[in-house]
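Student: coords please:
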Amino acid sequence: MYEVDARGLSCPEPLILVSDALKSHPGEKLKVLVSEPHSRTNIEKFVKSRGLTVLVKETGSEFELTIEG
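Tutor: Okay, the predicted model is just below:
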C-alpha cells in the first residue's frame, strides 16, 4: 500500500499529491493522511469521480482515507 502524508498541507496540495500518487501507482491501494476536513471532502469527491472507492477513518482531528479501484 502506497502512503501519502498530506497532514498540515492546504488545498490544493493534498489533492495534487493524491492525483500524482494515483498516476504513479495505478491499481495500487493508496492510504492518504490529511488534517483538514475540506481536504478530506475534496479528495473524496475527486476519487469517486474517477470511479474509485474510498473509505474514511477519523482519528481525533485527522483523517485516514483508503483508496482502491
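Student: Per-residue pLDDT of the residue lying closest to S61 once chain neighbours are set aside, please?
Tutor: Closest residue to S61 apart from its sequence neighbours, by Cβ to Cβ, 6 or more residues apart in numbering: S35 at 6.4 Å. Backbone N, C-alpha and C define where each C-beta goes, glycine included. Looking at S35, its pLDDT stands at 97.
Student: Hmm, A6 and V18 touching each other?
Tutor: Yes - between V18 and A6 there is a contact under Cβ atoms under 8 Å: 7.5 Å.
Student: Model confidence for the residue lying closest to M1 once chain neighbours are set aside, exactly?
Tutor: Among residues not flanking M1 along the chain, K29 sits closest, at 4.6 Å (Cβ to Cβ, 6+ apart). Per-residue pLDDT puts K29 at 97.
Student: show me the contacts for the residue positioned nearest the centre of the chain.
Tutor: Among the residues of the chain, the one closest to the centroid is V32, at 4.2 Å (Cα atoms, centre = their mean). If you count contacts by Cβ atoms under 8 Å, 6 or more residues apart in numbering, V32 has them with E3, V4, A6, P14, L17, V18, A21, I43, E64, L65, T66, I67.
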